[in-house]
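Engineer: Okay, structure incoming, though there's no sequence with it:
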């Protein structure tokens, strides 16, 4: 008994939590109960409906089958049902009249008709354009068969059909009025909220991705759920994934929203719901870049942390500005406000430019100059001091340690400055004096990468390939970030189009102060 | 009449084409017609079913509502329906006995019960784990209301319920046997084919993307459908898009496939359908890279064609090997064969290595060395060059204006070696004789980018940012391609897991020749 009590308590709390997370679910359930109660009450009042209440089954069927979560789908199902029922009844009556002409072959004719109608009705469903009417076709089949069979059984077509129709209309009336007049749940509102939510999700993912990239957070072991693109509770991943995955949900909501009459904030005939989906698609186009950046974190090819630090501020800036743009647009979608007059993307584009300039200046960090065919130009003489007139942070250390190694002319253990390869490794013995000058020069012109490159000699060819790619991976990350920024104008365009056609309000700063 | 005839001809041809594209659609429609015919015939044979045939409606309802396209969904709907009906009938009978205890408040008690059941039944649907049973809950509600209302009307619960149940069972039997024994359509087979098809789609997309990248095919105007991620008939786009988009379809098919008994080539209890979805997810993980590469083509930031040519052979190789791997795995999925013993990825990884080596050697092509802080070390005899050592963003302007101002030489047209900037442009005046040799060297070692960089002075800052990124965009493309290769082992792993648990056959070369 105690166990049963605990279990009940568990069920009750989980039900309560579900209701807390979205109270509309409770409201909807109450509405459903209410609709069923009303229809039962009407049936119990036998007096006014005495004749037809034999067919009460139809009223209940109609209520349960057309009572959908949001108004749009209730309408679309209700209309489907009505159209299916009416046309089926009409055709069935016509057919039964015709089949009487067949005389003693009447039943055969009816059977053949049933087969033909069953075939055509089912085949029609496969037309892509008929997809929205799938339910209507099903109802059509049911009604047709019932009318024609029952007519054949009793010889009376008109009365049962009329009574059934009355009860279906009654059920539809109850279902529609309860659903519409008591706390209606609109598909359009859901679509609107979903699109706004996607913006926030992508913005958080962007920040998450960039932060973990800059802080060199790697996955110990990439969750196999990510590798096989399944839902996972990684916040960075779930943010963009839900935006990428919401296509089918949006399509469904769009399909329902177009059935809904103007309501609430959407006071317009033929409200441009399609544009919300388009904005969301443009957002998705940006989200793919976030996804590709996340790929840089998941990748085996990882840029050394020190190099990431070089671009830290610029990347950070682009990221925070980019996330800000997404959040701003998301909020404007939510509040249904147009953009202001000022250049909305100015800050983020400026930040992207700064990043690009920095990359231009420091692009030697991004590549592996060791193996250049033309890279090691001889200069006439090189003083080590010459190196010091640049402002590179890390190269001194590198330079120093390597020159120590070179000058000793022995195989020494080089302290692992970059920290990428944490296992201590033995450097290859360096060639002696006659090569020294040349090597020294090489050091001077391309101070970094040397140790990295030298390490990889010992590794398998495959992993070497990936290691050589490591610095380019930083280039990839920044390119993707810049491409993300380059895709923002497209997003802003589609948002402005939405604002235009959906008649969004002007932002507060542009409204005349009256 | 002629118009009507033409229209009919048009409808007929399109119906024919639809049937041609997938003959199973015709077969399914025939089956549906057949099932309806059989059930009508049974009802017309009034003799053996005389008593119950009043309730024939239920048989027809059951047939139409549970007759689904594939076996899995027919089973799941049928079982849902059975469970819903039985449990509802049981609870309704119990409730009605209980409500009799309420004496004259009996009807009130029944109404309250209806409300409560309606509420709970609807609320349960929102539990994520109950999603598969949504239909069952709906049937439960319908049956409960009908049984309790009709019992209350006539005072007889048992007989109608029994008869209804008999006819529902009859309908389900007809529907199931027609669906299973006549040319069954299996959800599992569809899932299998979908996964195999996705491989081919991604492989073609990969080839398409790489080829158009190497041949510098740009979109005149990127279709706005791509920018807003809608379906489009661009073959490169639709290939990976359908793989990326098939998640929900796969989930649905998986949900049905698990209901199906062992059949055909899937002779195993608890066949691991889930692993097909996992393989498809791993493929999707690769497809995202193809998508990102496609992004490089869509991008405003385009690498100059000549540079792409430098890596032409290597990129081409990686691409064709990668596509080959995808096609091979796709075919093996189709034929349900395991991988051979030899290293399946050897060729593609070798090709990726070659590409990486080439990049290492030529990485100066990928960056903008002009603005390096440490790149242009002063040779002693060259004065103006010293200017390059500062890291101001304006250095080019400075350089240009200074050299013009100081040296004031004739403006020469430098032949445009790389052909990137097709419009003839006036180069900044070059320093005279003493610098000439040095300059020549520079031209030799950094032949590109110079003119490019010089151009961008005249352009708006924004577009300059993007132009500077142009060569890095090639780096991005190659990195993404290499990352694509790096993701293949994960795909092969999940395929091998599938082959293991689904007991794929050994490949022909490994089978003992008996």
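Structural biologist: Received the coordinates, thanks. From a predicted model like this one, the values you see are computed outputs, not experimental measurements.

Engineer: contacting residues for residue A:26?
Structural biologist: Applying Cβ atoms under 8 Å, 6 or more residues apart in numbering or on different chains, we find residue A:26 in contact with A:19, B:123. To be clear about C-beta, it is placed using only N, CA and C from the backbone, and glycine gets the same treatment.

Engineer: So residue A:302: helix, strand or coil?
Structural biologist: Three-state call for residue A:302 (DSSP: H, G, I helix; E, B strand; the rest coil): coil.

Engineer: Get me the contact residues on the stretch 201-350 of chain A for chain B.
Structural biologist: Contact residues (Cβ under 8 Å from any Cβ of the partner chain) of the stretch 201-350 of chain A with chain B: A:226-230, A:244-245, A:247-248, A:277-279, A:281-282, A:284-285, A:288-289, A:291-292, A:295-296, A:299-301, A:349.

Engineer: so which strand or helix has residue A:211?
Structural biologist: Using DSSP states H and E, residue A:211 falls within helix A:187-214.

Engineer: Who are the packing partners of that helix?
Structural biologist: Helices and strands touching helix A:187-214, by 3 or more Cβ pairs under 8 Å, 6 or more residues apart in numbering or on different chains; DSSP states H and E, are helix A:71-100, helix A:235-245, helix A:247-257, helix A:273-298, helix A:305-310, helix A:312-335, helix A:470-501.

Engineer: Tell me what angle that helix forms with helix A:470-501.
Structural biologist: 160 degrees (axes from the mean of the first three to the mean of the last three Cα atoms, to 10 degrees).

Engineer: elements contacting the helix or strand that comes right after helix A:187-214?
Structural biologist: As assigned by DSSP H and E, the chain's next helix or strand after helix A:187-214 is helix A:224-227. Here helix A:224-227 touches helix B:273-298, going by 3+ Cβ pairs under 8 Å, 6+ apart.

Engineer: Okay, angle between the helix it packs on and helix B:235-245 too, please.
Structural biologist: Interaxial angle of helix B:273-298 relative to helix B:235-245 (the same axes, to 10 degrees): 140 degrees.

Engineer: What is helix B:273-298 packed up against?
Structural biologist: With contacts taken as 3+ Cβ pairs under 8 Å, 6+ apart, helix B:273-298 sits against helix A:224-227, helix A:273-298, helix A:470-501, helix B:187-214, helix B:235-245, helix B:247-257, helix B:312-335, helix B:470-501.

Engineer: The helices and strands packed on helix A:187-214: lowest mean pLDDT?
Structural biologist: When those are ranked by mean pLDDT, helix A:305-310 comes last with a mean of 80.

Engineer: other SSEs contacting it?
Structural biologist: On a contact count with 3+ Cβ pairs under 8 Å, 6+ apart, helix A:305-310 meets helix A:187-214, helix A:470-501.

Engineer: Buried residues in it, which are they?
Structural biologist: Neighbour counts over helix A:305-310 (16 or more other Cβ atoms under 10 Å in any protein chain shown) mark A:306, A:307, A:308, A:310 as buried.

Engineer: what's the closest of those residues to residue A:173?
Structural biologist: Using Cβ to Cβ, residue A:308 comes nearest to residue A:173 of the buried residues of helix A:305-310, at 65.4 Å.

Engineer: Run through the residues that contact that closest one.
Structural biologist: With Cβ under 8 Å, 6+ apart, residue A:308 has these contacts: A:213, A:214, A:216, A:315, A:474.

Engineer: what about 7 Å?
Structural biologist: Contact partners of residue A:308, counting by Cβ atoms under 7 Å, 6 or more residues apart in numbering or on different chains, are A:213, A:214, A:216, A:474.

Engineer: now that we have the residues you listed, which one has the most neighbours?
Structural biologist: Highest neighbour count within the contacts of residue A:308: residue A:474, with 25 neighbours (other Cβ atoms under 10 Å in any protein chain shown).

Engineer: neighbours of the closest residue to that one other than its chain neighbours, just the number please.
Structural biologist: With Cβ to Cβ, 6 or more residues apart in numbering or on different chains as the criterion, residue A:474 has its nearest non-adjacent residue at 3.7 Å, and that residue is residue A:303. If you count neighbours by other Cβ under 10 Å, residue A:303 ends up with 25.

Engineer: so residue A:303 touches residue A:473, yeah?
Structural biologist: Yes: the pair residue A:303 and residue A:473 qualifies as a contact (Cβ atoms under 7 Å) at a distance of 4.7 Å.

Engineer: Reformat the helices and strands packed on helix A:305-310 as a markdown table; add distance to residue A:340.
Structural biologist: Formatted as a markdown table, the helices and strands packed on helix A:305-310 follow (distance: least, Cβ to Cβ, whole Å):
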| stretch | distance to residue A:340 |
| --- | --- |
| helix A:187-214 | 17 |
| helix A:470-501 | 11 |
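
Engineer: Next, give phi and psi for the residue nearest to residue A:82 when sequence neighbours are not counted.
Structural biologist: Distances taken as Cβ to Cβ, 6+ apart put residue A:172 closest to residue A:82, at 6.9 Å, once the chain neighbours are dropped. For residue A:172, the backbone dihedrals (degrees, to the nearest 10) come out as phi -60, psi -40.

Engineer: Please tell me how far residue A:172 sits from chain B.
Structural biologist: 15 Å (Cβ to the nearest Cβ, to the nearest Å).

Engineer: repeat for residue A:504
Structural biologist: Taking Cβ to the nearest Cβ as the measure, residue A:504 falls 18 Å from chain B.

Engineer: burial of that residue, as a residue count?
Structural biologist: 18.

Engineer: Would you mind giving me the confidence score for residue A:418?
Structural biologist: pLDDT, residue A:418: 38.

Engineer: Repeat that for residue A:190.
Structural biologist: Per-residue pLDDT puts residue A:190 at 90.

Engineer: List the contacts of residue A:27.
Structural biologist: Residue A:27 neighbours (Cβ under 7 Å, 6+ apart): residue A:183.

Engineer: List the buried residues for the helix or strand hosting it?
Structural biologist: Taking DSSP H and E as the definition, one finds residue A:27 inside helix A:23-44. Neighbour-count burial for helix A:23-44 flags A:24-26, A:28-40, A:42-44 (criterion: 16+ other Cβ under 10 Å).

Engineer: how about residue A:359, phi and psi?
Structural biologist: The phi/psi pair for residue A:359 (degrees, to the nearest 10) is phi -60, psi -40.

Engineer: Leaving out chain neighbours, which residue sits closest to it?
Structural biologist: Spatial nearest neighbour of residue A:359, chain neighbours left out: residue A:478 (5.9 Å); criterion: Cβ to Cβ, 6+ apart.

Engineer: right, and that neighbour touches residue A:354 too?
Structural biologist: No: look at residue A:478 against residue A:354 with Cβ under 7 Å: they stay out of range, at 11.5 Å.

Engineer: how many other residues sit next to the residue nearest to residue A:43 when sequence neighbours are not counted?
Structural biologist: Nearest residue to residue A:43 in three dimensions, chain neighbours excluded: residue A:56, at 4.5 Å (Cβ to Cβ, 6+ apart). For residue A:56, the neighbour count with other Cβ under 10 Å is 24.

Engineer: name the helices or strands packed onto the helix or strand residue A:56 falls within?
Structural biologist: Using DSSP H and E, residue A:56 maps to helix A:56-66. Packing contacts for helix A:56-66, counted by 3 or more Cβ pairs under 7 Å, 6 or more residues apart in numbering or on different chains; DSSP states H and E, involve helix A:23-44, helix A:71-100, helix A:158-181, helix B:134-154.
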